[in-house]
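# 3D, please:
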Amino acid sequence: MTTENFSQADIDLAYRLRLVALEAARKAAPLLREAFRNSVQRENKTNAHDLVTAFDKRSEQIISEHLLAAEEDSWVLGEEGGAIGTGSIQWIVDPIDGTSNFTHGIAFFCISIAAARDGQLLAGVVLDPMAELEFSADAQHAYLNSEILTPENRPDQAHANLMTDYPSAEALEVDGALGLTEFGSWVTAFATVRRKVSAALALAHVAAGWCDVTLGMDTKPWDIAAGALLVRRSGGTYLPYRYDDLELPDFEAPCFIALGPGAHYPAALQSAERIISARRAQGFGS
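As a prediction, this is how the structure comes out:
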């Protein structure tokens, strides 16, 4: 499902880029499956909550090499390696979204790859290597293992489930008691609140109809680009939140709410507005 006006050439390009991204993710997936729960050595990237492993770096290398070889007019923005190459197509790559889960033996992590041109998302892939689930999206549809995703309308708020990693330790330093207050309001308002530590995979679960709403704060483009497209192509709503008025692509906004079809959850929407307003008042992000 899509509201953009794509030409047939754009539709064909997006379809091809989706297949290229799937091939790249499939090449890296065996590496992660073999390493999982096998004494993975980890190191802190910025702190004890932000981890990296040799498998993040090797996975990104495998993916980037395939993408650049398959699409010469392209460049890669990777979480680990930064920007590589030049071209009109931008690949946005997270080689392991959910590294903390990966290193702790929790089977909720994924490979995330998106393709964009001029700030517009064209294709996305979220591959769950342990469950062997391949979520993907192009200019027309979202898919799960090649089947088009058409989730039913989501339940009312009291019967809905929310996934979020907020508040993180870093968010608590910024938001203080507000973070715990908002989290407590979700525990009361929703049937369940789950902390899954992978924004990309949580977004894919919204697209599939397994999660009703997910909320993210302080994310990066590689965390959300592919998942945001999945949600929109499956008929859901992706709402970006930012601290300024810059006209940037939605996947560059640091905060978001993603809802399944027909979902209306004031508790999540109002919390996001309060958190963003409080941070703007502190001059956050400026």
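
# could you pull out the helices for the chain?
Along the chain, counting by DSSP state H, helices occupy 8-35, 54-70, 99-104, 169-175, 177-189, 199-208, 221-233, 266-281.

# got the ones you listed as a markdown table, with mean neighbour count, distance to residue 245 and mean pLDDT columns?
From N, CA and C alone the C-beta is placed, and that goes for glycine too. Output for the helices of the chain, formatted as a markdown table (neighbours: other CB atoms under 10 Å; distance: least, CB to CB, whole Å; pLDDT from 0 to 100):
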| stretch | mean neighbour count | distance to residue 245 | mean pLDDT |
| --- | --- | --- | --- |
| helix 8-35 | 18 | 28 | 97 |
| helix 54-70 | 19 | 33 | 95 |
| helix 99-104 | 21 | 33 | 92 |
| helix 169-175 | 15 | 21 | 94 |
| helix 177-189 | 15 | 23 | 98 |
| helix 199-208 | 30 | 24 | 98 |
| helix 221-233 | 29 | 19 | 98 |
| helix 266-281 | 16 | 11 | 96 |
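
# Reformat these as a markdown table; add distance to residue 112.
Listed next are those as a markdown table, based on distance: least, CB to CB, whole Å:
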| stretch | distance to residue 112 |
| --- | --- |
| helix 8-35 | 8 |
| helix 54-70 | 10 |
| helix 99-104 | 12 |
| helix 169-175 | 21 |
| helix 177-189 | 25 |
| helix 199-208 | 4 |
| helix 221-233 | 5 |
| helix 266-281 | 22 |
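
# Of all these, which one is nearest residue 120?
helix 8-35 (9.0 Å; CB to CB).

# So the residue nearest to residue 114 when sequence neighbours are not counted versus residue 89, what's the distance?
Spatial nearest neighbour of residue 114, chain neighbours left out: residue 225 (3.5 Å); criterion: CB to CB, 6 or more residues apart in numbering. To residue 89, residue 225 is 13 Å away according to CB to CB, to the nearest Å.

# Check residue 159 too.
As for residue 159, its distance to residue 89 is 41 Å (criterion: CB to CB).

# Identify the contacts common to residue 225 and residue 89.
residue 116 (CB atoms under 8 Å, 6 or more residues apart in numbering).

# List the residues that contact residue 110.
Residue 110 touches 96-98, 126-129, 198, 200-201, 204, counting by CB under 8 Å, 6+ apart.

# To clarify, my last question referred to residue 24.
62-63, 66-67, 70, 113, 125.

# from these, which single one is nearest residue 237?
For the contacts of residue 24, the nearest to residue 237 is residue 125 (20.9 Å; CB to CB).

# The closest one and residue 112 touch, don't they?
Yes - assessed by CB atoms under 8 Å, residue 125 is found in contact with residue 112 at 7.3 Å.

# and for those two, which residues touch both?
Contacts common to residue 125 and residue 112, judged by CB under 8 Å, 6+ apart, are residue 226.

# that older thread, roughly how far does the residue nearest to residue 114 sit from residue 270?
Applying CB to CB to residue 225 and residue 270 gives a distance of 26 Å.

# how does this structure divide into domains?
8-148, 157-281 (automatic domain parsing).

# how far out from the middle of the chain is the longest one?
Okay, so that is domain 8-148. Averaging C-alpha positions (CA atoms, centre = their mean, to the nearest Å) puts domain 8-148 10 Å from its chain's average.

# now do stretch 247-262
10 Å.

# What sits closest to residue 180 if chain neighbours are left out?
residue 167 (6.8 Å).
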